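Student: kindly return the folded structure for what I paste below:
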Amino acid sequence: MTEDDFTVGDEVQHRTGGKKMIYTGKSMVGEAICEWFDGARRQQETFAFVALKKFEEPSSSMLSGGSTRI
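Tutor: Reported below is the predicted structural model:
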C-alpha cells in the first residue's frame, strides 16, 4: 500500500500480523507513524507504508478454529 491508501485515524496492522494500530500521520522521512496500546502504555513506531495493511477483524470461523474449505 502507499501513503495515499491511508487516512489519519485508520486502523492498520503490519502485513505479518500483530496488534491493531492507529495510523497517526507521516513522518519527516516519509514513513507511516502508528500508535497502539500495550496494556496502559502507549507505543509509537514508524513503518514503511508498504509494510502496512488496513486492519480487519478476524472472522468468527478463524476465532473458533473453523475452516472455510469446501
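
Student: what sits closest to the residue nearest the centre of the chain if chain neighbours are left out?
Tutor: With distances taken as CA atoms, centre = their mean, residue 13 lies nearest the centre of the chain, 1.7 Å away. Leaving aside its sequence neighbours, residue 13 sits nearest to residue 55 (CB to CB, 6 or more residues apart in numbering; 4.5 Å). In this view, the C-beta of every residue, glycine as well, is placed from N, C-alpha and C.

Student: how many residues are close by that neighbour?
Tutor: Per other CB atoms under 10 Å, the neighbour tally for residue 55 reads 15.

Student: and residue 14, by the same measure?
Tutor: 15.

Student: same check on the one 3 residues further on?
Tutor: Residue 17 is flanked by 7 other residues according to other CB under 10 Å.

Student: do the same with the one 5 residues further on
Tutor: With neighbours defined by other CB under 10 Å, the count for residue 22 comes to 16.

Student: surely it touches residue 7?
Tutor: No - between residue 22 and residue 7 there is no contact under CB atoms under 8 Å: 10.9 Å.

Student: any regions of this structure where pLDDT drops low?
Tutor: Along the chain, segments meeting pLDDT under 70 span 60-70.

Student: quick one: the strands in it, in order.
Tutor: 11-14, 21-26, 32-38, 41-47, 52-54 (DSSP state E).

Student: now these in JSON lines, with distance to residue 2?
Tutor: JSON lines is the format used below for these (distance: least, CB to CB, whole Å):
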{"stretch": "strand 11-14", "distance to residue 2": "13"}
{"stretch": "strand 21-26", "distance to residue 2": "11"}
{"stretch": "strand 32-38", "distance to residue 2": "10"}
{"stretch": "strand 41-47", "distance to residue 2": "13"}
{"stretch": "strand 52-54", "distance to residue 2": "10"}
